[in-house]
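Asker: coordinates for the following, if possible.
(chains A and B)
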Amino acid sequence: MTIHVPAPLRSFTDQKAVLDLPARTVGEALAELVARHPELRRHLYGEDGRLRSFVNLYLNDQDIRYLEKEATAVEEGDTLSIVPAVAGGLEE
Amino acid sequence: MAVPAARLPPGPPLTNDEILRYSRHLLMPEVAMEGQQRLKAARVLCVGAGGLGSPVMLYLAAAGVGTLGLVDFDVVDYTNLQRQVIHATPDVGRRKLESAAEKLKALNPYVALRPFEDRLTSDNALEIVRQFDVVVDGTDNFATRYLVNDACVLTGRPNVYGSIFRFDGQASVFAAREGPCYRCLYPEPPPPGLVPSCAEGGVLGILPGLVGLIQATEAVKLILGRGEPLVGRLLLVDALGMRFRELQVPRNPECPMCGASPTITALQDYEAFCGVRGEEAPAGVEVPEVQVEELKRRLDAGEDVVILDVREAHEYQICNLGGLLIPLGELPRRVHELDTSREMVVHCRTGPRSAKAVAFLRQAGFRKVRNLTGGISAWAERVDRSMPRY
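Answerer: Have a look, this model is predicted:
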């Protein structure tokens, strides 16, 4: 399956915007993603190990919160998009 | 899909001058006389007269929106001109509202301008938002975004949303009848410091034009009651790939703001909600500071001070202090390159990234590490005036 990494998180994926990786569920895809890019972990998961509420995940065009969350099954050809809250903002 | 129109009264008749001005609208059956009168009757509030606000205001004024409200308290900065096209070079240093009003008046004298030279706050937001039919969110921070959203939900005004980062943009319409609100999409903001801001990432100057015009288009459609609004859909704009993707944003029945049993029924303290205070560094870790003059004196005296630059490589190319470059994002895996026994001064452009780096290093056991107050910008301003600022 394909994972889309948004611009604000690409500094943790060596600037890769799109990654292809094998997975049977959304949870497996994320586990593989943070295994390859460990610095992403704290941006996706809180200290309690749960997905952060301001990082939305969409399987194709559906929010996984309304599917089966991380247990949602994925198929070859699916696209998982990470869509973090972005405010704009030009102050450092 | 039926359009949740912005509850507009039938508009006033147009003068002959206006009929000529708007003739290309009047020739379109989707606008025509009735639509143009709706536009004339419409009152749109644009929050922020910056990157997104510039194209929104210019095009809504040109299109004949009768009343344009503008909220901004800022002054035009030289670095704004790369994208905030309503302001021009001679406007640097002027109030943005004054600069914008001048351009809008010249563009279309038939538009009534309602400037609010204030920060939008929990105290004034409801009163201001109530005076308008549609709100366009062109703000640049989470606190104001949640404030705009909540004020729109509480007053029943649609919130035309847009945001940008580097080459990426987002747009949607929140708080429309039947539609989700911003809190349905993001129930809470990220803690400060976890999401890089545009100053760290930059933004393509054209991108706010692209996203702002999507917002202006949505505002006009809401007023006309035409087409399919971006309600319940989040449009993702990838300017680099020039791809537009659409995600579904259902209304969250448990949303604290617009759900079945809302728990938020009044405006809040948004600065506290978004953790704006104490933004400079992680709580609980002391970040000792050093001023640029002191650093200069110690370097001139030949003291052993390691300068660590945590900006990005492309920033280092613009100007540098000859320090060791380790971008903040790479610091955790490159920390072994640093010597805990030597004295170290960390800097970035203006200070916040290096404050995070200092906090991180102190937690990692570095004791002789300090943050350069004001960053390389302060150095360029107070020590070496020949150095470029950016």
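Asker: what separation do you get for the residue nearest to the spatial centre of chain B and chain A?
Answerer: Nearest to the geometric centre of chain B sits residue B:140, at 1.8 Å (CA atoms, centre = their mean). For residue B:140, the distance to chain A (CB to the nearest CB, to the nearest Å) stands at 4 Å. C-beta coordinates here come from the backbone N, C-alpha and C atoms, glycine included.
Asker: A helix includes that residue, no?
Answerer: No: applying DSSP: H, G, I helix; E, B strand; the rest coil, one finds residue B:140 to be coil, outside a helix.
Asker: who is the residue nearest the centre of chain A paired with across the strands?
Answerer: Geometric centre of chain A, nearest residue: residue A:82, 4.0 Å, by CA atoms, centre = their mean. Counting by DSSP bridges, residue A:82 forms beta bridges with residue A:57.
Asker: measure it to residue B:249 for me?
Answerer: Residue A:82 sits 15 Å away from residue B:249, going by CB to CB, to the nearest Å.
Asker: with residue B:81 instead?
Answerer: 34 Å.
Asker: ok, the two, which is more surrounded?
Answerer: Higher neighbour count among residue B:81 and residue B:249: residue B:249, with 26 against 15, using other CB atoms under 10 Å in any protein chain shown.
Asker: roughly how far does that one sit from chain A?
Answerer: For residue B:249, the distance to chain A equals 7 Å [CB to the nearest CB].
Asker: hmm, residue B:353 is touching residue B:326, no?
Answerer: No: contact status for residue B:353 versus residue B:326: not in contact, 11.3 Å apart, counting by CB atoms under 8 Å.
Asker: which one's more surrounded, these two?
Answerer: Shown here are residue B:353 and residue B:326; by other CB under 10 Å, residue B:353 has more neighbours (27 against 20).
Asker: which stretch of helix or strand covers the more buried one?
Answerer: Using DSSP states H and E, residue B:353 falls within helix B:352-363.
Asker: just after that helix, pick out the following helix or strand.
Answerer: strand B:369-372.
Asker: do that following strand and chain A meet?
Answerer: No: legend: contact between strand B:369-372 and chain A by CB under 8 Å from any CB of the partner chain is lacking; minimum distance shown is 13.0 Å.
Asker: outside of that strand, which residues touch it?
Answerer: Residues from elsewhere that reach strand B:369-372, judged by CB atoms under 8 Å, 6 or more residues apart in numbering or on different chains: B:287-290, B:292, B:295, B:308, B:343-347, B:351, B:354-355, B:357-358, B:361-362, B:378-379.
Asker: let me see the mean pLDDT of it.
Answerer: What strand B:369-372 shows for mean pLDDT is 97.
Asker: burial count for the closest residue to chain A within the stretch 251-390 of chain B?
Answerer: The stretch 251-390 of chain B approaches chain A most closely through residue B:329 (4.2 Å), counting by CB to the nearest CB. Here the count is done by other CB under 10 Å, and residue B:329 has 18 residues near it.
Asker: with residue A:76 instead?
Answerer: Neighbours of residue A:76 under the rule other CB under 10 Å: 9.
Asker: okay, it: pLDDT?
Answerer: pLDDT at residue A:76 comes out at 93.
Asker: quick one, what contacts it?
Answerer: residue A:1.
Asker: all helices of the stretch 101-250 of chain B, in order?
Answerer: B:125-129, B:142-155, B:182-185, B:198-201, B:207-224 (DSSP state H, counting those that start in this stretch).
Asker: the second one near chain A at all?
Answerer: Yes: remark: helix B:142-155 sits within contact range of chain A at B:142, B:145, by CB under 8 Å from any CB.
Asker: before we move on, the earlier item: surely the residue of the stretch 251-390 of chain B closest to chain A is in a helix?
Answerer: Yes: counting by three-state DSSP, residue B:329 is found in a helix.
Asker: thinking it is in contact with residue A:13, fair?
Answerer: No: if you go by CB under 8 Å, residue B:329 and residue A:13 don't touch, sitting 10.4 Å apart.
Asker: export only the CA atoms of whichever helix in chain A runs longest, formatted as PDB.
Answerer: Longest helix in chain A, counting residues (DSSP state H): helix A:26-36. This file holds the C-alpha atoms of helix A:26-36, laid out as PDB (Å, rounded to 0.1, in the frame of the first residue of the first chain):
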ATOM      1  CA  VAL A  26      -3.600   0.500   9.000                       C
ATOM      2  CA  GLY A  27      -1.800  -0.300  12.300                       C
ATOM      3  CA  GLU A  28       0.700  -2.500  10.500                       C
ATOM      4  CA  ALA A  29       1.400   0.200   7.900                       C
ATOM      5  CA  LEU A  30       2.100   2.700  10.700                       C
ATOM      6  CA  ALA A  31       4.300   0.300  12.600                       C
ATOM      7  CA  GLU A  32       6.300  -0.300   9.400                       C
ATOM      8  CA  LEU A  33       6.500   3.400   8.700                       C
ATOM      9  CA  VAL A  34       7.900   4.300  12.200                       C
ATOM     10  CA  ALA A  35      10.200   1.300  12.100                       C
ATOM     11  CA  ARG A  36      11.700   2.800   8.900                       C
END
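Asker: do that helix and chain B come into contact?
Answerer: No: applying CB under 8 Å from any CB, one finds helix A:26-36 separated from chain B by no less than 13.6 Å.
Asker: that helix: how far from the chain's middle?
Answerer: Once both centres are worked out by CA atoms, centre = their mean, to the nearest Å, helix A:26-36 turns out to sit 8 Å from its chain's centre.
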